[in-house]
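[1] missing the sequence, but the structure's below:
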């Protein structure tokens with residue numbers, strides 16, 4: 001497909017924009033659930049304490065069953081960081097592998113300017129969202145994601161430009177090792 005790097009750029013933009021907010025909401029809800037469950041405690045009506053082990057109250061059951069699952073919420077900020085880096089790497093690989101014609105470098109450059117404009121809109125939207133006290137409290141643990149969204153236009157523009165240049169350089173590399181006197185630019189068209 002000719003526009004794989006453009007499709008990856010759009011996917012990058014959409015997933016980064018909404019994936020971090022979704023992870024922030026899940027993190028906030030799991031933290032709220034964790035703090036709420038810790039306030040509930042009552043003794044278990046067990047007749048024979050020897051068969052129940054060391055389970056005496058509701059918090060003992062929650063510490064075995066629920067709290068380990070809720071502890072996984074600490075990995076959500078790291079998952080968003082890895083998600084961002086995975087899409088940057090995917091963009092690099094796709095730009096390098098799919099270049100066929102120099103015209104697509106110009107199309108990629110024009111699309112980069114358009115997508116950078118939308119990134120400015122998304123970044124401004126995120127700044128207005130983060131100015132709300134509730135959303136700010138919800139996203140406080142996602143510091144790198146917050147920085148990423150504040151500087152999203154610059155990040156998308158520079159990565160897209162760098163990988164577009166890599167794609168263009170791939171066009172200019174020799175396609176066969178048989179030609180020694182001159183460079184064989186591009187494929188046989």
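    Great, that's in hand. Not measured: the values here are computed from a predicted model.

[2] okay, now residue 91: neighbour count?
    As a burial measure, residue 91 scores 24 neighbours (other C-beta atoms under 10 Å). C-betas here are computed from N, CA, C, even on glycine.

[3] wait, I meant residue 86
    Residues lying near residue 86 (other C-beta under 10 Å) number 12.

[4] what about it, which SS state?
    Secondary structure, DSSP: H, G, I helix; E, B strand; the rest coil: residue 86 is helix.

[5] for this structure, what helix or strand is lowest in average pLDDT?
    Lowest mean confidence among the helices and strands of the chain (mean pLDDT, DSSP states H and E): helix 49-52, at a mean of 55.

[6] after it, next one along is what?
    Following helix 49-52 in sequence order, the next helix or strand is helix 58-65 (DSSP states H and E).

[7] how far away from the center of its chain is whichever helix or strand residue 128 is part of?
    Using DSSP H and E, residue 128 sits within helix 103-130. Averaged C-alpha coordinates place helix 103-130 at 16 Å from its chain's average position (C-alpha atoms, centre = their mean, to the nearest Å).

[8] following element in sequence after it, please.
    As the chain continues past helix 103-130, the following element, by DSSP H and E, is helix 133-138.

[9] check which residues of that following helix are buried.
    Judged by neighbour count (16 or more other C-beta atoms under 10 Å), helix 133-138 contains these buried residues: 135, 138.

[10] pretty sure residue 28 contacts residue 138?
    Yes - Residue 28 lies in contact with residue 138 (C-beta atoms under 8 Å); the separation is 4.2 Å.

[11] mutual contacts of these two, please.
    Counting by C-beta atoms under 8 Å, 6 or more residues apart in numbering, residue 28 and residue 138 have no shared contacts at all.
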